[in-house]
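>>> can't give you the sequence, but here's the structure:
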């Protein structure tokens, strides 16, 4: 009989296997795989003098958590750039920006990025400061950013700050002037907005002096915010390149911060979704080497950003990165990410938006204004090449177009269970949920958003969709009823706190974390059970990435990917789940994270 390197006993071990088994003990072999799951008495047979024994004292143990859709590079920038996600007012934003800009550590920067300002915050600010209606949805002004940077190390440095949803970018005047005449407004010809690819501009009748600038002198020029594909098409391609050493250092520091935070949330498997080309994602080299050398230990899957306009190029690039980043079980390129539509009025919907409900053309468009046929041909090509597609689709018409393409792909190239995935899924028609099940399409849902979020639901969501559609949005239970494979996704820093316990609580309650009233309750008919919510970020997450044979449940022969919790989330009040402490995160038998209190208790108990 093989001896255990580690033994966990006296626990409530919910294995998430097909029988929903609960055990007392789990033994882990020297290879990091599970040797035994069962009762304490039988587990003792695997114990030797060298076995490290942990007394769980009744604590809950689950399989390690999975995040099916995060953005590691953008999340990592939280630790190296200007991060605004911890505050919710304009004065606080400006204070953080100025503190970063006056820090001597940033004195040599040639290009600065940041993220996580809320669009709704600037709707109120613009109304109170400039008298501009929230309906204009202009976002923050470039001159406000210029004012914050004035007299600092970054006064003459291009700066871009992404919104919390990553679909809008706020630039200072230095950045805008670098791109003007090259990326947009070439030869003095004003670049027209195309669908959801928008340059917000200073209104033609706007006047007044603000932030030391007479706005009337800039009428018709960029206000400061670029939306959707306009960010890359018109701006980012013309920003100065960062020195190679700066990129390397930022990747290392950022990824160390990202992994540390993910491990503290209990995550042992994730899919890193690229939303820009490979050359902009320097962090993947760091992670590949770290996993290859064993400096980091977790399962990492990657979705390459695809070009819907060039499927041949996408296939070639995907094959190349698969070869380049091969030979490491922990790190593989798994899928190709594309956008079917955008967000807010960039969604592609069946019925017109609420602002012009009688205008049949007021339904948005496919991302980057591609035709339905071009989107279909891309999806079909990926299916033919046996490449899973991971598709951002918010609107019900966008979802329909994706399923139409997959249906035709099945007819032409065969029924394949490639784990094609549609994510976000704000609006989905009942019949299309049935089609997702038939076509074996994974629903990657953002449970973290499934309540009436402050700064979003009332301020943006309802005005765009209208109350009826808003109230019935974000299905979850319906996917389970129709036997769709459902996994959970944080979307990185887009979620307020990308911790699976937050997602589990919100999936169960459809309410704000910790809520005791119904003020933030949203579409309660879509609540799911605790067991279902746990499955979404364990076994279902593993299945969605083709890894359920080695992880996702606590069974003999699988990797010992586990998380130990201080309380049993199957029995406590649902609105307390998000507060439960992660005591230890374990990947292939190795501790990735242990809380200070648990380290003390574990050492004391192992004497």
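Structure's in. What do you need? Please read these numbers as outputs of a predicted model, since none were measured by experiment. Residues are numbered from 1 along each chain as shown.
>>> Need the nearest residue in space to residue 531, chain neighbours excluded.
Spatial nearest neighbour of residue 531, excluding adjacent residues (C-beta to C-beta, 6 or more residues apart in numbering): residue 20 at 6.6 Å. (C-beta placed from N, C-alpha, C; glycine too.)
>>> List the residues that contact the closest residue to residue 112 other than its chain neighbours.
Leaving aside its chain neighbours, residue 112 sits nearest to residue 159 (4.7 Å; criterion: C-beta to C-beta, 6+ apart). With contact set as C-beta atoms under 8 Å, 6 or more residues apart in numbering, residue 159 has these partners: 82, 111, 112, 113, 114, 145, 149, 171, 172, 174, 175.
>>> Can you flag the buried ones in those residues?
Among those, those scoring as buried are 82, 111, 112, 113, 114, 145, 149, 171, 172, 174, 175 (criterion: 16 or more other C-beta atoms under 10 Å).
>>> wait, residue 28 sits on residue 7?
Yes. Shown here, residue 28 and residue 7 form a contact pair, counting by C-beta atoms under 8 Å, at 7.4 Å.
>>> Provide the strand pairings for the longest strand seen in the chain, with the direction of each partner.
As assigned by DSSP state E, the longest strand anywhere in the chain is strand 331-339. If you go by DSSP bridges, strand 331-339 pairs up with strand 299-305 (parallel), strand 389-393 (parallel).
>>> now, of those strands, which is deepest in the fold?
Greatest average neighbour count among the strands paired with strand 331-339 goes to strand 389-393 (a mean of 28), per mean count of other C-beta atoms under 10 Å.
>>> Can you give me the buried ones in the helix or strand that it is followed by?
Per DSSP states H and E, the first helix or strand lying C-terminal to strand 389-393 is helix 396-413. Applying a neighbour-count criterion of 16+ other C-beta under 10 Å, the buried positions in helix 396-413 are 396-406, 409-410.
>>> follow-up on the earlier one: I'd like the contacts of residue 159 laid out as TSV, including secondary structure, pLDDT and distance to residue 280.
Below are the contacts of residue 159 laid out as TSV (DSSP: H, G, I helix; E, B strand; the rest coil; pLDDT from 0 to 100; distance: C-beta to C-beta, whole Å):
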residue	secondary structure	pLDDT	distance to residue 280
82	strand	96	18
111	coil	96	12
112	strand	96	15
113	strand	95	11
114	strand	95	16
145	helix	98	22
149	helix	98	24
171	strand	98	17
172	coil	98	20
174	helix	98	20
175	helix	98	16
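>>> Closest one of those residues to residue 240?
The closest of these to residue 240 turns out to be residue 111 (C-beta to C-beta; 5.1 Å).
>>> now that closest one: how far from residue 169?
Residue 111 sits 13 Å away from residue 169, taking C-beta to C-beta, to the nearest Å as the criterion.
>>> Repeat that for residue 159.
From residue 159 across to residue 169, the span is 10 Å (C-beta to C-beta).
>>> And residue 147, by the same measure?
Using C-beta to C-beta, residue 147 is found at 18 Å from residue 169.
>>> Break this protein down into its domains, please.
4-63+558-605, 111-238 (automatic domain parsing).
>>> Skipping its backbone neighbours, what lies nearest residue 367 in space?
Using C-beta to C-beta, 6+ apart, the closest residue to residue 367 is residue 339 (3.7 Å).
>>> Could you pull up the contacting residues of the one you found?
Applying C-beta under 8 Å, 6+ apart to residue 339 gives the contacts 367, 368, 391, 392.
>>> Now the two most distant members of those residues.
Applying C-beta to C-beta across those, the maximum distance is between 368 and 391, 13.6 Å.
>>> on that earlier part again, how much space separates the residue nearest to residue 367 from residue 307?
Taking C-beta to C-beta, one finds residue 339 at 11 Å from residue 307.
>>> Next: residue 441.
Residue 441 is 22 Å from residue 307, by C-beta to C-beta.
>>> Look at those two and report which has more neighbours.
A direct count of neighbours by other C-beta atoms under 10 Å for residue 441 and residue 307 places residue 441 higher, at 25 against 16.
>>> isn't that one right up against residue 407?
No. At 10.2 Å, residue 441 does not count as touching residue 407 under the criterion of C-beta under 8 Å.
>>> Give me the common contacts of those two.
residue 435.
>>> just checking, what packs against the top helix by length along the chain?
Assignment by DSSP state H gives helix 244-264 as the longest helix of the chain. Contact here means 3 or more C-beta pairs under 8 Å, 6 or more residues apart in numbering; DSSP states H and E; on that basis helix 244-264 packs against helix 72-76, helix 283-293, strand 582-587, strand 590-594.
>>> Beyond the first one, next helix or strand please.
Think helix 72-76. With elements assigned by DSSP H and E, the helix or strand that comes after helix 72-76 is strand 82-83.
>>> Residue 162 belongs to a helix?
No. Residue 162: not assigned to a helix; according to DSSP: H, G, I helix; E, B strand; the rest coil it is strand.
>>> For beta bridges, what are the partners of it?
As assigned using DSSP bridges, the partners bridged with residue 162 are residue 115, residue 169.
>>> so who does it touch?
74, 113, 114, 115, 116, 168, 169, 170.
>>> Could you do residue 346 as well?
Residue 346 sits next to 167, 195, 196, 227, 228, 364, 365, 367 when contact means C-beta under 8 Å, 6+ apart.
>>> In strands only, show me these.
Per DSSP E, the subset of the contacts of residue 346 in strands is residue 227.
>>> Once you drop chain neighbours, what's closest to residue 448?
Per C-beta to C-beta, 6+ apart, closest to residue 448 is residue 495, 3.8 Å.
>>> lowest average confidence, helix or strand, in the chain?
Taking mean pLDDT, DSSP states H and E as the measure, the chain has helix 596-605 as its least confident helix or strand, at a mean of 77.
>>> Tell me how far the residue nearest to the spatial centre of the chain lies from residue 362.
Nearest to the mean C-alpha position of the chain, by C-alpha atoms, centre = their mean, lies residue 491 at 1.3 Å. According to C-beta to C-beta, residue 491 stands 27 Å off from residue 362.
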